[in-house]
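Engineer: Here is the input, now give the coordinates:
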Amino acid sequence: MPHLRINAPDEDKLVTVSLVAGAAYLVGRQPNPTKLPYLLQLLLRDVSLTKVPLSSQRVSANHLLVLLHEGAVQLFDLASRNGTTLHLQPQQRTLLEPNADVEVQLAPDGGDDDERESPQRAVWKHEDEFAAAVVTSLTSWLQRMEVHADLQLRAKGQRSDDTPLRGSSFMLADGNQLFVTAKPTATMELSWDDVLDEVKQYILAENSRLEQLQGHDEGFVLASPLIRDVHREIAEAAAWGTRVVLIGPTGVGKDQLARCYHIHSRQTRGPYASLNCGLLKESLLFAQLFGARRGSFTGCVADIAGVVETAHEGTLFLDEIGEMDLEVQKALLRFLDSKGEYQRLGDPRPRRAHVQIVCATNVELDNPQCRQGRFREDLWYRIAGKVIHVPPLRLRPDDLLAMLRSRTIKGSTIKVHDALSPAALRRVMEYEWPGNFRDLESFIERLPSTSRAQSIDADICSSVLRDGRSEVRTPVRESELSSDGNASQWEDLVGIALAAFVRDHGQQPKSWGQITQLTERYIKPVFIAHATGLTQIDEIHKNINCSELARRLNIADGTTVKQHLSRYILRFRHNRTTDS
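Structural biologist: The predicted model follows:
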């Protein structure tokens, strides 16, 4: 007596059926002879029929008909969805010897798993939208794959006996629980195990994305797809310890992104230290970076520990790396090449520090032409393990909206977003925001206090935006300030600088080093700010063309103008000493 051996997906073992002459066997998930084609029903009219039910979702309801008749074993694939082996195509018939055992594979794997479509990334802006976004993405994928299943969420904190849900469960990173249940009435192209495995891998990836975006400083928004892609690149680089250079305009949050790198790195438990390389030059920058021995330069009355030492076993963020002095670049390169060995200024004793370095700049240093003459090529290739461009705020409307929804009007509890009228909100969304988040913070602080929704109209909004613009007046030429007719103006400028120096140091300059400091950090910044008409600026934004100002003042380059304007803002606008 021949036997029929049936191998089907999701079945624990082979299903074996003994074939009897003159009998037929209907194999399927829900065998039903009344749903067979009419001609087959006629053929089976005088034949004993046995139903062979299988549980696999990939097996069609009526999948295969086997008939031992007229000296042969006849097999009919009943237009099944997923086919049968023996090279048996849908609705094709084959004849086998009656004394031979027959083994068939129902619904064989028909393609490469690598080519299988995966669920698309969930799109959500706030954490409370995460679970719904995951369900939406999975539902869309199941529909495209023609997989019939139910998805149900159990809310975070809800007891299991409140809603007795069925199916395979998956925990989401926000605390919700997802249940996935197959509908047994439909045939699927994928096996149920494959479906659950795909869902599991997808949820693991989405949970990882949510966990990456948590644990950051309050007020740091990661709502737009652009900044989330940047954040993902930073997190991946941090996980592997890859050095990163962040390139983007001022105010886009490069410091906060550097802190993200620290959070996701292997050295997250270590310290985080930062240094702005554009505020100091030569020996002072070297001392801030690597430290200095007492007496190594004028005014150094005690040993100084540099930020490299401070960041040991942690992360060092070097901002405005493009403004770093070339001699200090050489020392930084030596530090990186020697695997962390350095020396304090004036101290021959070598020291070691293990730090991971993140750099940032608003100069396109990834362009060789921008590096030429201002940044060492060999240092660039040491620090630029990965270059990440941070987009400006004007390209991130979701982040702008998230910021408006998170901040409150000064002196009120109403959110900025709610206080703006629809026309005012459009005005804000259309604004270029040249200073990015710093510009936005200043705008929010200048908004009038209100407790009523939509009470700030477009005119008020436009006025507040205009108040924040620093108009660049026509600069004065250096020759005009040095003429005899302006001697009193020169005295005023030097007086302003000298008075600030005395307030900071408690005395007038008494050494050559202090005279140099007075000139470089007080007189020159005051001169350039007054000569360019920029005495009221609080930041250097893109409307200020430093190269053009340098040309009009006969200064070597725009970097010098920018450096002295930064010192002016720091000391005379922010009222912080230039030694800070």
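Engineer: List the buried residues for stretch 381-389?
Structural biologist: Of the residues in stretch 381-389, those buried by neighbour count under the rule 16 or more other CB atoms under 10 Å are R382, I383, A384, V387, I388. All C-beta spots, glycine's among them, are computed from the backbone N, C-alpha and C.
Engineer: again with stretch 192-204
Structural biologist: Residues of stretch 192-204 classed as buried under the neighbour-count rule (16+ other CB under 10 Å) are W192, D194, V195, L196, E198, V199, Y202, I203.
Engineer: The last one: what secondary structure?
Structural biologist: What it means is I203. The three-state label given to I203 by DSSP: H, G, I helix; E, B strand; the rest coil is helix.
Engineer: unless I'm mixing things up, it is touching A133, no?
Structural biologist: No - with the criterion set as CB atoms under 8 Å, I203 and A133 do not qualify as a contacting pair; they are 11.9 Å apart.
Engineer: who touches stretch 45-61?
Structural biologist: If you take CB atoms under 8 Å, 6 or more residues apart in numbering as the criterion, stretch 45-61 is touched by 6, 8-11, 15, 17, 20, 22-33, 35, 63, 67, 69, 78-82, 106-107, 182, 184, 186-192.
Engineer: swap the cut-off to 6 Å and go again
Structural biologist: The list of residues contacting stretch 45-61 from outside it, by CB atoms under 6 Å, 6 or more residues apart in numbering, reads 8-11, 17, 23-31, 33, 80-82, 106-107, 182, 187-188, 191-192.
Engineer: Return the subset of these lying in helices.
Structural biologist: W192 (DSSP state H).
Engineer: What subset of the contacts of stretch 45-61 is buried?
Structural biologist: Of the contacts of stretch 45-61, these count as buried by 16+ other CB under 10 Å: 8-9, 17, 23-31, 80-82, 106-107, 182, 187-188, 191-192.
Engineer: Not counting the helix or strand hosting D197 itself, show me its contacts.
Structural biologist: The secondary structure element spanning D197 is helix 192-213 (assigned by DSSP states H and E). Identification of contacts with helix 192-213 by CB under 6 Å, 6+ apart yields 57, 119, 122, 130, 134, 147, 168, 170, 173, 180, 182, 222, 235.
Engineer: between the buried residues of stretch 381-389, which is nearest A305?
Structural biologist: Closest to A305 out of the buried residues of stretch 381-389 is I383 (22.5 Å), distances taken as CB to CB.
Engineer: before we move on, back to that, mark which of the contacts of helix 192-213 are buried, thanks.
Structural biologist: In those, burial by neighbour count holds for Q57, P119, A122, F130, V134, V147, F170, A173, V180, A182, L222, A235, counting by 16+ other CB under 10 Å.
Engineer: returning to what we had before: okay, the buried residues of stretch 381-389 in a markdown table with pLDDT next?
Structural biologist: Formatted as a markdown table, the buried residues of stretch 381-389 follow (pLDDT from 0 to 100):
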| residue | pLDDT |
| --- | --- |
| R382 | 94 |
| I383 | 95 |
| A384 | 94 |
| V387 | 96 |
| I388 | 95 |
